[in-house]
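A.B. asks: I'll drop the sequence and a predicted model, then ask my questions.
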Amino acid sequence: MIGRILRLSAVTTKGMRQRYARLLPGLAAVLLLAGCSSFGDWSCDCSLNHVLERCRQACPEPCIADAREALLWAAQHEKAGSEECVDLYFLAASLSHNDACLSSPHDAPLETKNLYHQSLAGFIRTSQQFCRYDPVQGIRVYANGRPVTVPICQQGFSWQPHDFSRMVIADRFVRSDLKAQFYGAGIGVPLVVVREKDTPERFLASRSHFPATANLKRRSPDTCDCEPAWVLELANPLRIGCTRFNGQSVQIARDLSSATRYVLGRQERTYLRDFLRPGVSTAEPKLMMFEPYQPGKIPIVFIHGLLSDPMTWAELFESIHVDPEFQDRYQFWAFQYPTGAAFLRSAANLRRELATLVMRVDPDGTDPALSQMVLIGHSMGGLVAKLQITSSEDRLWRAFANRPMESLQLTENMRTQFQELFYFEPSPHIRRVVYIGTPHNGSSVADRCIGRLGSYLVRIPDNEKQQYEAFLAANPGVVHSFASRRIPTSVDMLEPENPILHAMARLPMSPCVTTHSIIGTGGYSLCREPSDGVVPVASAQIPCVESELFVEQSHEHLHHDPKTIQEVMRILRWHLQCGEAVSEACCE
């Protein structure tokens, strides 16, 4: 690197040579402090050795003015499209490292902290821009024309090094959709790590996002000469609050909401298309983990409602996720499904996904946390949750057909599907369900013009439609009127007079499960009865819940309301206190 600067100074103007001359003492000091071994095998000529020695004597400690100069040149090189900006940003971060990090965040000069932040952010950003970044090997810099790797150390993550596909500087985007955002002052650069995989992975999204905080750390003076003198530390700000610099504990900067803000601002939302076209690829039902499975943590499963997707849980998820009381006790899953399809089908898919995931991550059944699951369902998602904790007996089938299944003419495929939809037992893994604005007795919106129009616009896949039409033709007059013309949609199923809803109200619930209701009162139905604008209070109320909270909020925003969030967090705290006793009682 210093050789490049000397070569450049030979061809630049007098003013530029003077700027580089002022930069040399700090640069030389950094190289000497770091140890030449960390920058490659230096073979300097006599004149360069003489310059290094003279600079060491004149400026034994890095100078913040030199760091400022290096940052200026780095920005100019970046603007010109020169990849040497990576080396200069690294130099600036190294020079500003001591003053920025060895003081407490409250005592360090603001200019110094900003200089360190800008330099380190530029180093991370441009190292990726110029293909110098490898999440496993580290970041490549050049010294005297030779490549040297700055290793990366990840701390506190459940992700593996190869999962750190890309890093985005958190303060390079601003979004205020989240009502509550969580920050902490300190040293370092808050990041959003983007994990990208070309091939889909079961139960993990192809693209995941999580927060991190970066700091450039100098290794101990006792470090072996064969090891690099500098390392880029990436810390999980949800689990780590401080880091150490030369024996001192220093708070790290924490932007805990960065990943959620990034997703909300950039990820495409396809819930309308998924509602209208349940057969498209984006509508494929799937259970997703927000992070890799972590033994010992209780899963919370979020289930969205009609015309929605998992991103609707951002506000509630953030509040739970950043709470220190929950970070080591809960892990977060979400069920995504096409909301235009009948919720009996969605419930069957979730039942199968839960069983498959539990078997995959804990085939021997050794993790008791997996038998303490909490389901949180908003709107129709609450009905999907309800069908995970009840026993069907033959009630649902009798609400659908007037003859036993054994007496009907069915293909093997149709028989299997009907068995999944209409016959099931409670999941043994679920211990608590929170209903938020759930229409247990339907919604009058479903049987009015807007509901009927929505149902009409849903397009069932042709192969499913043909199979169902063949079933109706082979068994005339068997099914009840609501399903006698076509496969019922989710909107059809939400009509208050639908016999399936009436049958669901009478399904026996698992004695091991505790339920809670959060009910919106921020609007009125067309009949002027108390409502959240979509779900009447009378429809959202059910007997035998452990708690019932009324929130003056509309249906769309009910699960975002601070009172709802506080109630859910109260329930989760209570679940931690009494979960083991409930589990033992059920086992008996």
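C.D. replies: Yep, it's here. Numbers count the residues shown, from 1 in each chain.

A.B. asks: Only C-alpha atoms from now on, for both contacts and neighbour counts.
C.D. replies: Will do.

A.B. asks: give me the number of residues near C578?
C.D. replies: For C578, the tally of surrounding residues (other Cα atoms under 10 Å) stands at 10.

A.B. asks: for G522, same thing?
C.D. replies: A count of neighbours around G522, defined by other Cα under 10 Å, yields 18.

A.B. asks: Identify the residues contacting the helix or strand H516 falls within?
C.D. replies: Take DSSP states H and E as the rule and H516 turns out to sit in strand 514-520. Residues outside strand 514-520 that contact it (Cα atoms under 8 Å, 6 or more residues apart in numbering) are 431-438, 531-532, 535, 537, 540-541, 544-555, 558, 564.

A.B. asks: where's L357 relative to W333, distance?
C.D. replies: As judged by Cα to Cα, to the nearest Å, L357 and W333 stand 11 Å apart.

A.B. asks: And for R352?
C.D. replies: Taking Cα to Cα, one finds R352 at 15 Å from W333.

A.B. asks: So for these two, which sits in the more crowded spot?
C.D. replies: For R352 and W333, the more surrounded residue by other Cα under 10 Å is W333, and the numbers stand at 21 against 15.

A.B. asks: Identify the bridge partners of the more buried one.
C.D. replies: M289, V301 (DSSP bridges).

A.B. asks: Use 50 as the first number for this chain going forward.
C.D. replies: All right, first residue 50 from here; so that's W382.

A.B. asks: I'd like to check which residues are in contact with it.
C.D. replies: Residues in contact with W382 (Cα under 8 Å, 6+ apart) are 336-339, 348-351.

A.B. asks: follow-up on the earlier one: now the contacts of strand 563-569: which count as buried?
C.D. replies: 480-487, 580-581, 584, 586, 589-590, 597, 600-604, 607, 613 (16 or more other Cα atoms under 10 Å).

A.B. asks: And the strands in the stretch 150-299 of the chain?
C.D. replies: Taking DSSP state E, counting those that start in this stretch as the criterion, the stretch 150-299 of the chain carries its strands at 182-183, 187-192, 195-199, 201-204, 215-218, 232-233, 238-245, 256-267, 279-284, 291-294, 297-300.

A.B. asks: Distance to R318 for those strands - can I get that in a markdown table?
C.D. replies: Listed next are the strands of the stretch 150-299 of the chain as a markdown table, based on distance: least, Cα to Cα, whole Å:
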| stretch | distance to R318 |
| --- | --- |
| strand 182-183 | 30 |
| strand 187-192 | 34 |
| strand 195-199 | 38 |
| strand 201-204 | 31 |
| strand 215-218 | 21 |
| strand 232-233 | 26 |
| strand 238-245 | 18 |
| strand 256-267 | 14 |
| strand 279-284 | 30 |
| strand 291-294 | 36 |
| strand 297-300 | 36 |
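
A.B. asks: Need these in a markdown table (columns: distance to H166 and mean pLDDT).
C.D. replies: As requested, the strands of the stretch 150-299 of the chain are arranged in a markdown table below (distance: least, Cα to Cα, whole Å; pLDDT from 0 to 100):
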| stretch | distance to H166 | mean pLDDT |
| --- | --- | --- |
| strand 182-183 | 19 | 97 |
| strand 187-192 | 17 | 90 |
| strand 195-199 | 18 | 89 |
| strand 201-204 | 17 | 96 |
| strand 215-218 | 10 | 96 |
| strand 232-233 | 15 | 82 |
| strand 238-245 | 6 | 96 |
| strand 256-267 | 9 | 93 |
| strand 279-284 | 13 | 95 |
| strand 291-294 | 16 | 85 |
| strand 297-300 | 14 | 86 |
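
A.B. asks: Select, out of the ones you listed, the one closest to E461.
C.D. replies: Proximity to E461 (Cα to Cα) singles out strand 256-267 among the strands of the stretch 150-299 of the chain, at 37.1 Å.

A.B. asks: Next, give phi and psi for A434.
C.D. replies: Note on A434: its backbone torsions stand at phi -70, psi -40 [degrees, to the nearest 10].

A.B. asks: Isn't it up against V482?
C.D. replies: Yes. A434 lies in contact with V482 (Cα atoms under 8 Å); the separation is 7.2 Å.

A.B. asks: Name the residues contacting each of the two.
C.D. replies: When contacts are counted by Cα under 8 Å, 6+ apart, the set common to A434 and V482 consists of 424-426.

A.B. asks: Just the ones of those residues in strands?
C.D. replies: Judged by DSSP state E, strands contain the following of the shared contacts of A434 and V482: 424-426.

A.B. asks: returning to what we had before: could you tell me which of the contacts of strand 563-569 are located in helices?
C.D. replies: Using DSSP state H, 586, 589, 613 are the members of those that sit in helices.

A.B. asks: Domain ranges for the chain, per the record?
C.D. replies: 51-309, 317-636 (automatic domain parsing).

A.B. asks: Which one of those has the poorest average confidence?
C.D. replies: For the domains of the chain, mean pLDDT drops lowest on domain 51-309, to a mean of 75.

A.B. asks: would you list every one of the helices in the stretch 250-399 of the chain?
C.D. replies: 307-315, 320-325, 363-370, 373-376, 392-410 (DSSP state H, counting those that start in this stretch).

A.B. asks: most neighbours per residue, which of those?
C.D. replies: With neighbours defined as mean count of other Cα atoms under 10 Å, those peak in mean count at helix 320-325, which reaches a mean of 22.

A.B. asks: Find the nearest non-adjacent residue to A554, please.
C.D. replies: H489 (7.3 Å; Cα to Cα, 6 or more residues apart in numbering).

A.B. asks: My read is that the one you found contacts S588, right?
C.D. replies: Yes. Using Cα under 8 Å, H489 makes contact with S588 at a distance of 5.4 Å.

A.B. asks: Those two - which one has more neighbours?
C.D. replies: H489 (25 against 18).

A.B. asks: okay, stretch 190-197 in CSV with CA atoms only?
C.D. replies: Taking C-alpha atoms only, stretch 190-197 is exported to CSV below (Å, rounded to 0.1, in the frame of the first residue of the first chain):
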residue,chain,number,x,y,z
VAL,A,190,-6.3,-5.8,1.3
TYR,A,191,-3.1,-4.9,-0.5
ALA,A,192,0.2,-3.9,1.1
ASN,A,193,3.1,-3.1,-1.2
GLY,A,194,1.3,-4.8,-4.0
ARG,A,195,0.7,-8.0,-2.1
PRO,A,196,-2.7,-9.3,-1.0
VAL,A,197,-3.3,-9.8,2.8
